[in-house]
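In: below: sequence and its predicted model.
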Amino acid sequence: LIDGKHYWTGERPLVVKAKPRHEIKIVEPPGRISPGENVTFTWDIVGPSATIGFTAVVGGKESKPGRLESSVDLTATPYTILVSDFISGTYAVPLRFVGNTKIPDAGVYYFRGLAFINGKNIWSDEYSLTVQ
């Protein structure tokens, strides 16, 4: 506003990018195995650089569907640790993790990736695995 008159510039677009966040993605989740057979889980932790001390594949015969918030810890779920190769240590992320385990009992198992990053629990989507 100059001397009572409005002056305008041309309009320009502004792109606002989402703040990068940590995510866990299960890579090619296994779908069916035999009891006692070795099964390999692969998961990627992506997002900003960080150092972590815990990541695992957790699961059980009971599902906890839907998105899990970072305030939900393992004890608030029906899951237990299935792949424990990286539950202690120092790991720089982003990184791909590969771990193996054997599941002795038949049934349908529900599983997720879990990592503890900067004081928060980061959960993957839930998947299922049939052991028969």
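Out: Great, that's in hand.

In: buried sites along the longest strand that the chain contains?
Out: Secondary structure of the chain per DSSP state E: the longest strand is strand 38-52. For strand 38-52, the neighbour count (16 or more other C-beta atoms under 10 Å) marks 39, 41-45, 47, 52 as buried. Quick note: C-beta positions are derived from backbone N, CA and C, even for glycine.

In: and those residues, which two are furthest apart?
Out: Taking C-beta to C-beta as the measure, the buried residues of strand 38-52 span a maximum distance of 26.3 Å, between 39 and 47.

In: picking that back up, I'd like to know which elements the next helix or strand along the chain from the longest strand of the chain is packed against.
Out: As assigned by DSSP states H and E, the chain's next helix or strand after strand 38-52 is strand 55-60. Using 3 or more C-beta pairs under 8 Å, 6 or more residues apart in numbering; DSSP states H and E as the contact test, the elements touching strand 55-60 are strand 38-52, strand 80-83, strand 91-102, strand 107-117.

In: flag every buried residue along strand 55-60.
Out: 55-59.
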